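> sequence first, predicted model second:
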Amino acid sequence: MIKYLQRRYALSHKGAVDNIKGILSCALQNISFMLPVGLLYLLVGEIMNGTLTTKRILFYMTGCIAAALFIVVCTRLEYDNTYLVTYVESGVRRVNLAEKLRKIPLSFFGKKDLADLTSSIMNDCAVLEQSQSHFVAPLYGAILSTTVIAVSLLFFNWRMALAAIWPLPVAFAIVALASGVQKRLSSKAMAAKITCEDGIQECMETMPDLRANNAEAGYLAGLEKKIRAVEGRLIKSELGTAAFVVSAGLVLRLGIATTALAGAALLVKGELDVLTFFMFLLVVSRLYDPLEGTLQNLAAIIGTNTNIERMNEILDCPVQTGSEELTNQDCDIVFEHVGFSYQSGETVLKDVSFMAKQGQVTALVGPSGGGKTTISRLAARFWDIDRGRITVGGMDVSKIDPEKLMSLYSIVFQDVTLFDNSILENIRIGRKDATDEEVIAAAKFANVDKFAEKLSDGWNTNIGENGCELSGGERQRISIARAFLKDAPIILLDEATASLDVENETAIQEALSRLIKNKTVLIIAHRMRTVSGADKIVVLKDGAVAEQGSPAQLLQEGGIFAHMVQLQTVSQSWTLAKA
């Protein structure tokens with residue numbers, strides 16, 4: 001039962017246990033509301049029989065107070081076991097999702113965008129939070145309490161009981177049979193929401209380009225269509241749900257009529273006394289109240305299937321595992337007949353073999369789309385390869401825990417990611433336990449001090465979301481400073497100097513020369529000037545190694561590398577001239 005609830009509603013083990021407690025609490029609360037009905041039934045019976053005494057009146061007054069207190073206790077218990085525990089579980093669910101995202105292969109993110117994942121952690125969790133607290137426990141609690149009450153009614157008069165409870169299975173069947181329709185409507189509504197969120201995020205991120213090209217009006221018109229599409233999908237979803245829920249509610253109302261008609265017929269025949277008839281009318285009026293709400297809850301729960309499937313997609317994704325022990329003898333990176341393709345089926349690497357030796361700079365060059373960035377990611381096990389083998393110092397990277405493996409790498413990406421914090425704290429990402437002195441020393445290696453010390457608060461200046469207060473070159477230097485601070489034995493540089501001017505590029509290259517002593521450096525660059533001092537060049541084309549050797553050797557061979565150098569030499573002599 002617990003495993004079913006965990007899977008069905010994307011719960012933790014404790015969340016599933018708390019869910020069962022919530023169901024029982026809701027059932028107990030519903031049953032507690034029947035206590036006043038029972039007291040009223042006994043009171044009316046004694047009044048009709050003329051046996052009501054002062055002592056019995058005191059008994060009923062005491063009973064009313066006791067029933068009220070019991071209802072209060074049950075209500076508090078129901079609140080604690082549905083709402084409070086659900087809020088805790090919602091936090092646990094978000095943490096579990098974030099922890100899962102931290103461990104799953106980066107290939108998963110290739111088929112997901114930021115808006116979709118953000119929606120899963122925030123929106124889907126919020127939907128399930130409301131579902132668990134307002135829908136699931138009350139629904140199953142109402143079913144359980146109704147079953148108990150229905151069985152009890154059978155002991156009084158089975159014919160009246162059948163007249164009262166027959167609408168229940170019919171009403172639930174109507175909504176349950178509609179689950180397929182509701183699921184399709186919910187899926188389409190969710191798809192429209194994701195498309196709209198993507199459009200809004202893209203609009204905010206590309207606003208400078210839209211303004212530069214006078215394209216705001218056209219883009220916003222398209223965005224408005226996406227917003228209207230969400231509105232239309234939500235209306236259709238609500239109408240689809242309402243059609244079945246209202247129909248089921250009408251069937252429930254028929255139960256009052258059939259109970260009254262059956263009771264009247266039996267009363268006329270003398271097969272039912274007035275007191276029992278009165279009691280059934282009271283019970284039926286109370287019996288359907290929680291169920292009318294739970295019918296809507298059932299529809300809402302069916303509607304959360306899409307949210308649950310999206311969350312389970314994340315939770316079910318296999319994680320990269322491996323040994324926590326590093327067994328590498330050195331830090332030579334070796335690719336042996338490596339083949340790789342993304343889940344889209346596009347082959348990126350065919351049969352790549354080369355070695356990046358420790359203490360040397362190995363540069364990956366070649367036309368765009370040749371697989372250079374992919375190779376650097378595979379070396380750090382961001383993805384697992386399809387065939388072949390990648391080793392670091394003889395250690396197969398596919399058999400090492402990714403987080404443990406990353407302790408060997410300092411990486412500078414082409415796309416820099418910074419946080420809304422100070423310069424010091426952004427650099428300290430490289431090594432969280434570093435002192436301010438160590439951070440500043442690393443920053444100076446990357447020439448960050450050249451601009452940091454001129455800012456209003458110096459090193460403690462807040463740089464805004466993703467470093468929006470800084471230029472591209474300044475942002476990239478902070479990223480490089482992180483790599484200096486981490487001081488790992490392997491350095492991966494993916495277009496690390498792309499946003500730097502010639503003067504700063506030269507300064508960074510000089511700093512890198514000091515940093516790479518006895519380290520393995522794998523650099524990706526399009527500027528031939530950047531890789532001219534490399535020990536080894538690996539030329540990639542169409543996912544395969546076309547050439548490899550020293551710069552001088554490849555220039556002498558006159559192949560692809562020599563041609564790229566020639567082209568860039570020509571382009572450097574280009575000037576802007578009037579027509």
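Right, received. Where do you want to start? Residues are numbered from 1 along each chain as shown.
> in what helix or strand does Lys21 lie?
Here Lys21 sits within helix 13-32, counting by DSSP states H and E.
> pLDDT of that helix, averaged?
Here helix 13-32 scores 88 as its mean pLDDT.
> for this protein, what's the longest helix?
Across the chain, the helix with the greatest residue count (assigned by DSSP state H) is helix 216-268.
> can you give me the buried ones in the helix holding Lys21?
For helix 13-32, the neighbour count (16 or more other Cβ atoms under 10 Å) marks 15-19, 21-32 as buried. In short, each C-beta sits where N, CA and C put it, glycine included.
> okay, now the closest residue to Asp116 other than its chain neighbours: neighbour count?
In this structure, Asp116 finds its nearest non-sequential neighbour in Ile194, 5.5 Å apart by Cβ to Cβ, 6 or more residues apart in numbering. Other residues lying near Ile194 total 18 when counted by other Cβ atoms under 10 Å.
> so where does Ile194 fall, helix or strand?
helix 179-205.
> quick one on the thing from earlier: and the angle from whatever helix or strand comes next after the longest helix of the chain to helix 216-268?
For helix 216-268, the following helix or strand on the C-terminal side (DSSP H and E) is helix 274-303. In terms of direction (axes from the mean of the first three to the mean of the last three Cα atoms, to 10 degrees), helix 274-303 departs from helix 216-268 by 160 degrees.
> tell me what helix 274-303 is packed against?
helix 35-49, helix 137-156, helix 158-165, helix 167-177, helix 179-205, helix 216-268 (3 or more Cβ pairs under 8 Å, 6 or more residues apart in numbering; DSSP states H and E).
> moving C-terminal of the lowest-mean-pLDDT helix or strand in the chain, what's the next helix or strand?
Every helix and strand in the chain was compared by mean pLDDT, DSSP states H and E; the lowest is helix 502-515, with a mean of 68. Toward the C-terminus, helix 502-515 is succeeded by strand 520-524 as the next helix or strand (DSSP H and E).
> what lines up beside that following strand in the sheet?
Strand pairing for strand 520-524, using DSSP bridges, gives strand 361-365 (parallel), strand 490-494 (parallel).
> buried stuff in the helix holding Ile194?
Buried residues in helix 179-205 (16+ other Cβ under 10 Å): 179, 182-183, 185-190, 192-194, 196-199.
> quick one: that helix to chain centroid distance?
15 Å (Cα atoms, centre = their mean, to the nearest Å).
> repeat for stretch 296-304
Counting by Cα atoms, centre = their mean, stretch 296-304 comes out at 21 Å from the chain centroid.
> CA atoms only: put it into CSV for me.
What follows is stretch 296-304, C-alpha atoms only, in CSV (Å, rounded to 0.1, in the frame of the first residue of the first chain):
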residue,chain,number,x,y,z
GLN,A,296,-14.8,17.2,-7.4
ASN,A,297,-11.7,15.9,-5.6
LEU,A,298,-11.7,12.7,-7.6
ALA,A,299,-11.8,14.8,-10.8
ALA,A,300,-9.0,17.0,-9.5
ILE,A,301,-6.9,13.9,-8.6
ILE,A,302,-7.3,12.5,-12.1
GLY,A,303,-6.2,15.9,-13.4
THR,A,304,-3.0,15.7,-11.4
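> which residues sit against it?
By Cβ atoms under 8 Å, 6 or more residues apart in numbering, the list of residues contacting stretch 296-304 from outside reads 127-128, 131, 134-136, 138-139, 172, 175-176, 178-179, 182-183, 185-186, 237, 241, 244-245.
> ok, how many other residues are close to the residue nearest to Ala163 when sequence neighbours are not counted?
Spatially, and ignoring its direct neighbours in sequence, Ala163 is nearest to Ala262 (3.7 Å; Cβ to Cβ, 6+ apart). Residues near Ala262, counting by other Cβ under 10 Å, number 20.
> how about Glu495?
The burial count for Glu495: 19, using other Cβ under 10 Å.
> give me the distance between it and Asp273.
Applying Cβ to Cβ, to the nearest Å, the value for Glu495 to Asp273 is 90 Å.
> OK, contacts around His105?
Careful, residue 105 is Pro and not His. Here Pro105 is in contact with 317-320, 382-384 (Cβ under 8 Å, 6+ apart).
> any idea how far it is from Cys317?
Pro105 is 8 Å from Cys317, by Cβ to Cβ.
> cool, Ser131 as well?
23 Å.
> ok, Leu254 next?
48 Å.
> what's the closest non-adjacent residue to Lys226?
The nearest residue in space to Lys226 (Cβ to Cβ, 6+ apart) is Cys196, at 4.4 Å.
> what's the burial count for the nearest residue to Leu254 once chain neighbours are set aside?
Once flanking residues are discounted, Leu254 sits nearest to Pro167: 5.6 Å by Cβ to Cβ, 6+ apart. Other residues near Pro167 come to 24 when the count uses other Cβ under 10 Å.
> wait, isn't Pro167 in contact with Leu250?
No. Assessed by Cβ atoms under 8 Å, Pro167 is found out of contact with Leu250, at 9.3 Å.
> that concludes my questions; thank you for your assistance.
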